[in-house]
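**Q** Here is a sequence together with a model predicted from it:
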Amino acid sequence: MKQFEVKRKQIEYLSKAFEIVLFLAIERKLGLEGSGFFLVPLMLFFLLWTFVGENLPDVLAKLIRIRRAKGQFKSVQNIRWFSLICQIFMGALGTILMLTVGTALGEKVFGCPYSSLMIWILSPLLFLRGMSYLLLGYCQGEGSELPTVVTCILRLIVIYAFGIVLGSTSGEYGEKVSALLKVERYSAMYTGAGWCLAIVMAELVVILFLFFSFLGTRRRRQRGETESMRASVSFQGYVGACSRNMIFRSLIGFMELFPVAIGMMIFYHREGATSPLTYGTYFVGYFAVCLLLYRLLNAVAVPFWSKVGGFYKNDEVRLGRVCFHGGIHLILSLALILCVCVSTMPAQVGALAGFTSPNLVKLVFQGSFWILFSSLGFYFSRMLMRFGKNALAVGMGVLSNILFVMMFTILWTDEKMGLLALMYAGLISSAIYSVLLGAICVQILGGKMNWFKVVLLPLGVAAAVGILQALCVKFLGDHVESLFIVLIVGGVGFVAYYSVLILLRNFSEEELSVIPFGGALLALGKMMGIY
């Protein structure tokens, strides 16, 4: 991966983190039960989207860049036409599946008929987002990364702007229907439908922006593009190349999403009428916060794929191993302090997310370590794919899903567990998944790891900081607002944690030379006489 691709990928993962923030903002309008309704169409959309076109821009841009580098401009034009035909078919197929199978799943499997209207409204998004991702691939293939960055920001802004208007308008209508039929849930259903319509309309705005961006890019690049040879890309060749490059990425994405989806399906089906409120509470108060931090750590992990692959490609094996171990060290240390911050301030973090409850404490205190295991699993799985071990990464994902379903089924038999069954099953399966993938990566890449410095020392320091944070929260809890507690206690704990690690020379000089901002930390350490 080139440097501009790394930056773009980081921005994409950061935008996914902000999507969680957007959802929490929407939850304030929908309420917890309305959020439970809203999550059903979103889950069905993301399940289908992993196969419809989630990885299309990267694959398409790579195919176009290769042909452009060879001067095969007729082949590039053919690739555009072939990709347009394929994406129209995939988008239409995905929309039809969501309208038919998705509606049946929402009503029969989830047992949530109040989500049907939202599923119908959201289903065209599969087609529209496929078109926007197609245009993103065209722009990236022409060497223009700016449209991708702008799109990540523009989509969120437009969704929120449209959603405020459409959500409130449809919500008012829903209140009238609820009053007429004496069923309160219609208000949340129509409010959610307004937000779904806002998401669809925002995608139209994004498509319009990308279309003009692509036209401007093509106008600049067409000058001097001449080719006398015939196009060398056939329709079958394009489909084969896309399939080879996309299938494993799509499967990995699906495997990561499936535990959340299957757990949600089983919970909704068995809990019945109370499930949207209960699951909305679980998602808003616990899982959305963990998912937000997980996405932030995904962005941190991106540069290491490129660096490790580049070192090994240039036969710099030792530097590759140092970079790989440095990535584990950095992600593990970051995830640990984030887990500690969340687990020591569950009520305050929940209040920022829009929910407070005494029942949240037990869920968050233990469940926050899902952030650690899932972030490491993400890092290891992408590293395996970087080294061409796609089937192995998918196989580990399948095994993790089987473990999740088994653990959830076993724990579910205890009536007292409830949502804890979901949390424990996710925690155990993600822990086993990350350990197995980590062992495979270490075996493939080789080298010895200092487990005391990488794992035990950060864990001990994080535990000490966590105790201090818990005492501070107990002292400040009744006197300071939740936002300031999270900022002050979390910020001070974060600084204290890394200060101690640097003072103890937890990171070696070689590791600091390859991790983000490591050079600044190394310079600071040398000024203080630590290194």
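**A** Okay, I see it. Numbering: from 1, shown residues only.
**Q** Can you report the mean pLDDT over the residues of the helix ranked longest in the chain?
**A** Using DSSP state H, we find that the single longest helix of the chain is helix 3-52. Average pLDDT, helix 3-52: 90.
**Q** and if you look at stretch 301-308?
**A** 85.
**Q** Name the residues that touch that stretch?
**A** 1-3, 5-6, 9-10, 13, 320, 323-324, 326-327, 331, 375, 378-379, 382-383, 386, 445, 514, 516 (Cβ atoms under 8 Å, 6 or more residues apart in numbering). Glycine gets a C-beta too; all of them are placed from N, C-alpha and C.
**Q** among those residues, which ones are buried?
**A** 1, 5-6, 9-10, 13, 320, 323-324, 326-327, 331, 375, 378-379, 382-383, 386, 445, 514 (16 or more other Cβ atoms under 10 Å).
**Q** Pull up the gap between residue 374 and residue 301, please.
**A** Taking Cβ to Cβ, to the nearest Å as the measure, residue 374 and residue 301 are separated by 11 Å.
**Q** no, scratch that, I was asking about residue 404
**A** Distance, residue 404 to residue 301, using Cβ to Cβ: 22 Å.
**Q** Show me the chain divided up by domain.
**A** If you go by automatic domain parsing, the domain ranges for the chain are 1-217, 252-531.
**Q** Off-centre distance for the last one?
**A** In terms of Cα atoms, centre = their mean, to the nearest Å, the centre of domain 252-531 is set 13 Å apart from its chain centre.
**Q** Could you work out the end-to-end span of it for me?
**A** One end of domain 252-531 to the other measures 41 Å (Cα to Cα, to the nearest Å).
**Q** Make 34 the first number, not 1, from now on.
**A** Let's use 34 as the start, then, which means that last one is domain 285-564.
**Q** what about residue 136, helix or strand, and which?
**A** If you go by DSSP states H and E, residue 136 is part of helix 136-137.
**Q** For that helix, name the packing helices and strands.
**A** Contact partners of helix 136-137 among helices and strands, from 3 or more Cβ pairs under 8 Å, 6 or more residues apart in numbering; DSSP states H and E: helix 149-155.
**Q** and for the helix it packs on, what are the contacting residues?
**A** Contacts to helix 149-155, defined as Cβ under 8 Å, 6+ apart, come from residues 70-71, 73-75, 77-78, 131-132, 135-136, 139-140, 222-223, 225-226, 229-230, 232-233.
**Q** Going through those, which ones are buried?
**A** Buried residues within the contacts of helix 149-155, counting neighbours by 16+ other Cβ under 10 Å: 70-71, 73-75, 77-78, 131-132, 135-136, 139-140, 222-223, 225-226, 229-230, 232-233.
**Q** if we can go back for a sec, chain center to the longest helix of the chain: distance?
**A** That offset, for helix 36-85, works out to 8 Å (Cα atoms, centre = their mean).
**Q** I'd like to know which elements that helix is packed against.
**A** For helix 36-85, the elements it packs on are helix 106-130, helix 149-155, helix 158-174, helix 179-214, helix 218-254, helix 268-304, helix 308-315, helix 321-346, judged by 3+ Cβ pairs under 8 Å, 6+ apart.
**Q** Flag the shaky bits of the stretch 134-283 of the chain, pLDDT-wise.
**A** Where the stretch 134-283 of the chain drops to pLDDT under 70, the residues are 251-265.
**Q** wait, what's in contact with residue 440?
**A** 457-458, 461-462.
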